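> Coordinates for the following, if possible.
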Amino acid sequence: MRPLPAAIVFALVLFCQAPAAGQEILIGLAGPMSGPFAVFGKQMKAGAELAVNQINANGGVHQRKVRLIIEDTKCEGDRAGSVANRMVGKEVAVVIGHFCSRSSISAAPIYAQNKIVQISPASPNPHFTSQRPNPAGGTYRLGPKSDAEALAIARHLEQLPRQQSIGLLHDGSAYGKGLVEAVRSAFSDKRRKFALVDEFRPGQKSYKRLIAKLHDSAVDVVFIGGYHADIGLIARQAKARGYDLQIIAGDPILTDDFAEVAKEGAVGVVAIAPPDPVMSKAAQELVAKLDAEGTDPDGYVLPTFAALQIWAAAGATSLDYLAVIQALNTQTFKTVLGEVSFDKQGNASLPDFIAYQWTENGYRPVN
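Got it, this is the predicted structure:
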């Protein structure tokens, strides 16, 4: 084999090195800062800014300040590549994100090729980690996988009284469609049939036709794979019709924005989700600080904060890419979510799912 020219070898060495001592370390945050999912981007931004401020207040990483670089993905897969390439061009050390699965999956090969660690606080599609570009590591997820979520939802549906008719809806997104398909696969009561399985177009101002279709199909309970704005509007318009429809969804509805959209229709809506990180003992000091500042710690604030905690701890010895992924692959990290480690695919070890129900005073765990 012919040796590489000296100039190429020198360039590769420079490429693989951590940033020079004394320079700021750039932290990438990629999420939906605008568009229909901007509420989640706002939560990610709040969590990342808190983490960056805390890291810098504690002396930075290797006595170097960290600075946040924010890119708006809008949760659009066709924007993911350009966002990822801009992150590469800015030489970020890590990317926290993306948020939506399609965007995260599209960006992952670019980060892997350029030796940038990617940690998403969400992105539930199993393929994000099961088919990660570098099997040795580099791509990680703090949020739950949709197949684990689907199993919890299926078990919840199976426990409903047999006289209740069940329907399934999804919004066509990678998250919503994938979750509903996984729920159907995980549903083990073969004697029970779904009264309706259908797709709807997200972002509509009226779901009256969809609600009429549910009503005509005699659906008592519907699981909806989708996001807070659409599910909130369906809940509100079903309530306005006088339709006593039990709605079940995933963790995207555990945000005050859902209640603002659903209004009186929010009461009684159930979410199957991981334990609320706000209730974690490890988060109480930070939650109290946020409350004092008037900042709401809900949604993805704490998971994003935890993602940066984990990266900073993993890079405590070295910021070299291989050293960081070796730490991520083998260590357990203390975070605001509790202790976190990652399995061989890069999925976080976090508690199982529970049921929450919206009341007039917010959502509460069931039983």
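> just the strands in the stretch 51-200 of the chain please.
66-72, 94-97, 117-120, 139-141, 166-170, 196-199 (DSSP state E, counting those that start in this stretch).
> Could you identify which of the ones you listed is most buried?
strand 94-97 (a mean of 30; mean count of other CB atoms under 10 Å). To be clear about C-beta, it is placed using only N, CA and C from the backbone, and glycine gets the same treatment.
> Which strands or helices does that strand pack on?
strand 25-31, helix 38-57, helix 101-113, strand 117-120, helix 301-314 (3 or more CB pairs under 8 Å, 6 or more residues apart in numbering; DSSP states H and E).
> Any idea which of the ones you listed gets closest to K208?
Relative to K208, the nearest member of the helices and strands packed on strand 94-97 by CB to CB is helix 38-57, separated by 24.6 Å.
> The closest one packs against which elements?
Partner elements for helix 38-57 (3+ CB pairs under 8 Å, 6+ apart): strand 25-31, strand 66-72, strand 94-97, helix 301-314.
> if you set the cut-off to 6 Å instead, what comes out?
If you count contacts as 3 or more CB pairs under 6 Å, 6 or more residues apart in numbering; DSSP states H and E, helix 38-57 packs onto strand 25-31, strand 66-72, helix 301-314.
> show me where pLDDT drops low in this protein?
Within the chain, the stretches with pLDDT under 70 are 1-22.
> most centrally placed residue in it?
Central residue of the chain (CA atoms, centre = their mean): A122, 1.5 Å from the mean position.
> which one is that residue nearest to, not counting chain neighbours?
G143 (4.2 Å; CB to CB, 6 or more residues apart in numbering).
> And for the one you found, the neighbour number?
Other residues within reach of G143, judged by other CB atoms under 10 Å, total 23.
> Next up, the contacts around it.
Residues near G143 by CB atoms under 6 Å, 6 or more residues apart in numbering: P121, A122, P124.
> hmm, 10 Å instead?
Taking CB atoms under 10 Å, 6 or more residues apart in numbering, we find G143 in contact with 99, 101, 104, 120-124, 128, 149, 251, 274, 300, 303, 307, 347-348, 350.
> Which residue ranges of this structure form helices?
6-16, 38-57, 77-89, 101-113, 127-130, 146-158, 174-186, 208-216, 228-241, 256-262, 284-293, 301-314, 321-330 (DSSP state H).
> Which residues does the fifth one contact?
Under the contact criterion CB under 10 Å, 6+ apart, helix 127-130 has outside partners 98, 101-105, 108, 118, 120, 122-123, 139-141, 143, 145-147, 174, 178, 342-348.
> Quick check: buried residues in it?
Of all the residues in helix 127-130, those buried under the rule 16 or more other CB atoms under 10 Å are H127, F128, T129.
> related to what we said a few turns ago, which one of the helices and strands packed on helix 38-57 lies closest to A229?
Per CB to CB, nearest to A229 of these: strand 25-31, 16.4 Å.
> quick check, distance from that closest one to the centre of its chain.
16 Å (CA atoms, centre = their mean, to the nearest Å).
> Please apply the same query to stretch 126-134.
The answer for stretch 126-134 is 15 Å, by CA atoms, centre = their mean.
> From the opening residue of that stretch to its closing one, how far?
15 Å (CA to CA, to the nearest Å).
> E24 and H62 touch, don't they?
No. Using CB atoms under 10 Å, E24 is not in contact with H62; the gap is 11.6 Å.
> Neighbours of the nearest residue to K344 once chain neighbours are set aside, how many?
Residue nearest to K344 in three dimensions, not counting chain neighbours: N329, with 7.9 Å by CB to CB, 6+ apart. Number of residues near N329 (other CB under 10 Å) recorded here: 17.
> Settle this for me: N329 is touching N134, isn't it.
No. Assessed by CB under 10 Å, N329 is found out of contact with N134, at 11.2 Å.
> Can you pull the residues that touch both of these two?
Joint contacts of N329 and N134 (CB under 10 Å, 6+ apart) are G346.
> Export the helices and strands packed on helix 38-57 as TSV, with columns for distance to F40.
Shown next, in TSV, are these (distance: least, CB to CB, whole Å):
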stretch	distance to F40
strand 25-31	7
strand 66-72	12
helix 301-314	10
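> quick one, which of those is nearest to P161?
Distance to P161, taken as CB to CB, is lowest for helix 301-314 among these, at 34.6 Å.
> Could you tell me the angle between that closest one and helix 38-57?
If you take axes from the mean of the first three to the mean of the last three CA atoms, to 10 degrees, helix 301-314 sits at 40 degrees to helix 38-57.
> Now do helix 301-314: distance to the chain's middle.
13 Å.
> Kindly report the same for stretch 82-98.
18 Å.
> Could you export that stretch as CSV, CA atoms only?
Written as CSV, here are the backbone C-alpha positions of stretch 82-98 (Å, rounded to 0.1, in the frame of the first residue of the first chain):
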residue,chain,number,x,y,z
SER,A,82,-27.6,21.2,5.9
VAL,A,83,-27.9,21.8,9.7
ALA,A,84,-25.4,18.9,10.3
ASN,A,85,-22.9,20.3,7.7
ARG,A,86,-23.1,23.7,9.3
MET,A,87,-22.3,22.1,12.7
VAL,A,88,-19.3,20.4,11.1
GLY,A,89,-18.2,23.7,9.6
LYS,A,90,-18.3,25.4,12.9
GLU,A,91,-16.2,22.5,14.5
VAL,A,92,-18.6,21.7,17.4
ALA,A,93,-17.4,19.1,19.9
VAL,A,94,-20.8,17.6,20.3
VAL,A,95,-24.4,18.0,19.0
ILE,A,96,-27.3,17.8,21.4
GLY,A,97,-30.1,16.8,19.1
HIS,A,98,-31.8,16.5,16.8
